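Participant: I need the structure of the sequence given here:
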Amino acid sequence: MPEKTPTGITRQQAWELLNQKVGSVNLIRHCLASEAIMRALAEKLGKDVEQWGIAGLLHDLDFEQTRDEPSRHGLMAALVLAKRGVSPEIVRAVKSHNEETGTRRQTLLDFALASAETITGLIVAAALVHPGKELSQVKVKSVLKKMKQKEFARNVDRQIILECKNLGLSLEEFVQISLRAMQAISDQLGL
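Facilitator: Purely as a prediction, here's the structure:
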């Protein structure tokens, strides 16, 4: 009988599900980066590290299937997760990380997931402009500077990153937590 957890899914089961549904190495790396940031945020805020981490890992489960229909992105993943008995809090956060689904962010988990998964793009872009293309070369001050440059990583929605304030964190604190979390798994991210 499968192990039952408060999240409704173990980390190992989540990892296997992600690898069944996602073919892109870069998308898997994005999900790993999101998971790392979510775990670090949960630790900082005294929340359920496993729950927040799994939300980060599984948030883009349906991205490859819904790429051309953004309003469905998150909804298909939420259905898959709900059928598997994943906790309603995770299902809701997955739905609301993309507000085009019509689900507005309300909980700390919702805001954390949206801002965490969005900042991964800015941090990766900041790493890629360094000669060695390594996360270890990226500094908080550099990410904050890039955040102000609208043309840099222009597809990264700065307003979503700024939702970190709903977590009671300043932008600088949020960037520091996010960067450290990604640097800690740089080998898995290929950076």
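
Participant: gap between whatever helix or strand Ala125 lives in and the chain center?
Facilitator: Assigned by DSSP states H and E, Ala125 falls within helix 108-128. Helix 108-128 has its C-alpha centroid displaced from the chain centroid by 6 Å (C-alpha atoms, centre = their mean, to the nearest Å).

Participant: For that helix, list every residue counted as buried.
Facilitator: 108-127 (16 or more other C-beta atoms under 10 Å). C-beta coordinates here come from the backbone N, C-alpha and C atoms, glycine included.

Participant: packing partners for that helix?
Facilitator: Where contact means 3 or more C-beta pairs under 8 Å, 6 or more residues apart in numbering; DSSP states H and E, helix 108-128 is packed against helix 25-45, helix 49-58, helix 88-96, helix 140-148, helix 158-161, helix 171-184.

Participant: pretty sure Ala181 is touching Ala40, no?
Facilitator: Yes - shown here, Ala181 and Ala40 form a contact pair, counting by C-beta atoms under 8 Å, at 3.9 Å.

Participant: what's the spacing between Pro131 and Val124?
Facilitator: With distances taken as C-beta to C-beta, to the nearest Å, Pro131 is found 16 Å from Val124.

Participant: cool, and Thr5?
Facilitator: On the measure of C-beta to C-beta, Thr5 and Val124 end up 30 Å apart.

Participant: OK, contacts around Ile54?
Facilitator: Residues in contact with Ile54 (C-beta atoms under 8 Å, 6 or more residues apart in numbering) are Thr7, Ile9, Arg11, Ala14, Glu35, Val86, Ile90.

Participant: With secondary structure as extra columns, can I get those residues in JSON lines?
Facilitator: Shown next, in JSON lines, are the contacts of Ile54 (DSSP: H, G, I helix; E, B strand; the rest coil):
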{"residue": "Thr7", "secondary structure": "coil"}
{"residue": "Ile9", "secondary structure": "coil"}
{"residue": "Arg11", "secondary structure": "helix"}
{"residue": "Ala14", "secondary structure": "helix"}
{"residue": "Glu35", "secondary structure": "helix"}
{"residue": "Val86", "secondary structure": "coil"}
{"residue": "Ile90", "secondary structure": "helix"}
